[in-house]
Each structure stands twice: as structure tokens, then as C-alpha cells.
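*Asks:* structure of the sequence below:
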Amino acid sequence: MIAVLSPAKTLDLETPPPFPATPARFAAEAATLAHAASHLTQKKLGELMKISPALAKLNADRFRDFDAAEERPALFTFAGDVYAGFEAKTLDEAAVRFAQDHVRLLSGLYGILRPLDGIRPYRLEMGTRWAPRKKKLTDWWDDRVAKALADDLAAEGSGVVLNLASQEYWEVFADRLPADVRVLAVDFREADGRFVSFHAKKARGMMARFLVEHHVTELEGMRAFDTAGYRYAADQSDDARWTFERAA
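*Replies:* The predicted model follows:
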């Protein structure tokens, strides 16, 4: 089983990572995109990403200086709500090594990453309606990301994907994974059935942590996930989507 997560816009570039970075599979493609983005004006970046002028300048500078920036392991650099739930800095080495084989992080710039793969500072979401010679980023990646995940699934042997990514990022796989791959999506809800984005994002990270902490290899083992009061809701689940509710 391989769990798939979205990346984060917020980055931790200060805390020394506890593990060295491994080579990213699509590092050359990331450099190509970064170099193309470096020719966009700050105003254009702001419009594309819907960010403030200050953030547009920061990211224009990052694209301009991309080649000179230090690489850091992705899992110890992404710092949004999902990664607050993952709490990677408190994992032991065995769990991190397990994650390297059983967790993948999606990225608008890098396509797909293992947790320790090195990234440079950037912001480029998969849903961005820009790409070199394409109308949007998912068109630029085409089937490369899906083929990479299919290769990883073949090597891992299960053929099962635990989809913990947002719809924006999962779009890169749309109709591109082999027919024999089983994809299970997970829905996180409050006790009253409400969907709360902040809690759901954090729960995705917590579920990924549960997987690597307990070295879960069979999908059925994920029904035991109970972090932060979540429980598997059998009456609201089916073969394509499992629901977990959080206790009041």
C-alpha cells in the first residue's frame, strides 16, 4: 500500500533536517518549470497564484535563485496542516524508512516525491493554470506522475493506493492509473457529519503517520486508525471510500 498526500504552501526552511536528502525523480523537470516561471513577472505570479505582492516577490526571487538554493528533504520541509498532523520530526528512523517506501508526496513543481527526496524552496500548486507550452500544469505533467506511481506500486507489490490528497492534486492521476490499481479515498468528518477543512487536512497527515508508525502494509489494517478520537464509520463507507468520524 502506498499513501499519497498533497504538499504544503508553508515551508520550514530553518529547522535542520534529521536525514539527508535523496534525489528527486523529476528534479530535471522541476528545474525546467522553475526556469520557465522565473520569466514571469511578480504581477503575473500574483495573479496566477492569487497571492499578495509580498508573496509574489518572495516566489519570484525563489524561482530566480532556484539553482543556487539548498535542497532539503520534502517531508521535513512541508509545514502546513497536513504535516502538522504527520509530525515527522518525532518519527523514529524505522518509521521514516518505511515512509520512504510507502508514502508519496505530490507536487506541482516536482510531480511526485518520496518523503526524503530533496526539494528547493518554491510555491507552485498543481491546479495552476499555467505551464510551458500548455494551458495548465496537469497537462504539462501529462501521464508522467501516474506512471511513476504505477512503477512504485509494482515495486511495492500491493497495487493499492490510499488517497489522502486533495482533489486539486489527485487530478494529475485522472484516468491515468492502470485499471488494476485499487484506489481508496478517505473522508474525515466530525461526529455530527460536518466536514471541517482544517481538521480533515490534519487527519490526513495523522493517518499517514499511523501507517508508517505501525508499518501497516494491508489496507484492512488502516481501519484501526484512531488518532485524535477518529473511528472508522462502517455504515458510511464502501469499497471506494472510507469515512472516519471524530468523537465530539
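*Asks:* in what helix or strand does the closest residue to residue 110 other than its chain neighbours lie?
*Replies:* Spatial nearest neighbour of residue 110, excluding adjacent residues (C-beta to C-beta, 6 or more residues apart in numbering): residue 30 at 4.7 Å. Using the backbone N, CA and C atoms, a C-beta is placed for each residue, glycine as well. Residue 30 belongs to helix 27-37 when assigned by DSSP states H and E.
*Asks:* who are the packing partners of that helix?
*Replies:* For helix 27-37, the packing partners by 3 or more C-beta pairs under 8 Å, 6 or more residues apart in numbering; DSSP states H and E come out as helix 53-64.
*Asks:* next one: the helix it packs on to chain centre, how far?
*Replies:* Chain-centre distance of helix 53-64: 22 Å, with C-alpha atoms, centre = their mean, to the nearest Å.
*Asks:* do stretch 80-87 as well
*Replies:* Chain-centre distance of stretch 80-87: 11 Å, with C-alpha atoms, centre = their mean.
*Asks:* just the residues contacting the longest helix along the chain, thanks.
*Replies:* Secondary structure of the chain per DSSP state H: the longest helix is helix 197-213. Identification of contacts with helix 197-213 by C-beta atoms under 8 Å, 6 or more residues apart in numbering yields 1, 3, 5-6, 80-88, 91, 95-96, 98-99, 102-103, 162, 164-165, 186-190, 216, 222, 225, 227-228, 230, 244, 246.
*Asks:* longest strand anywhere in the protein?
*Replies:* With secondary structure taken from DSSP state E, the chain has its longest strand at strand 182-190.
*Asks:* direction included, what does that strand pair up with?
*Replies:* Take DSSP bridges as the rule and strand 182-190 pairs in its sheet with strand 160-164 (parallel), strand 241-246 (parallel).
*Asks:* residue 27 versus the spatially closest residue to residue 237 that is not a sequence neighbour, what's the distance?
*Replies:* Once flanking residues are discounted, residue 237 sits nearest to residue 243: 5.1 Å by C-beta to C-beta, 6+ apart. With distances taken as C-beta to C-beta, to the nearest Å, residue 243 is found 37 Å from residue 27.
*Asks:* can you map out the strands along this structure?
*Replies:* According to DSSP E, the strands that the chain contains are 2-5, 72-73, 103-107, 111-113, 118-119, 160-164, 182-190, 230-232, 241-246.
*Asks:* any chance of these in CSV, plus distance to residue 206 and mean neighbour count?
*Replies:* Below are these laid out as CSV (distance: least, C-beta to C-beta, whole Å; neighbours: other C-beta atoms under 10 Å):
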stretch, distance to residue 206, mean neighbour count
strand 2-5, 11, 24
strand 72-73, 20, 23
strand 103-107, 13, 26
strand 111-113, 20, 26
strand 118-119, 22, 22
strand 160-164, 10, 23
strand 182-190, 9, 17
strand 230-232, 8, 17
strand 241-246, 10, 19
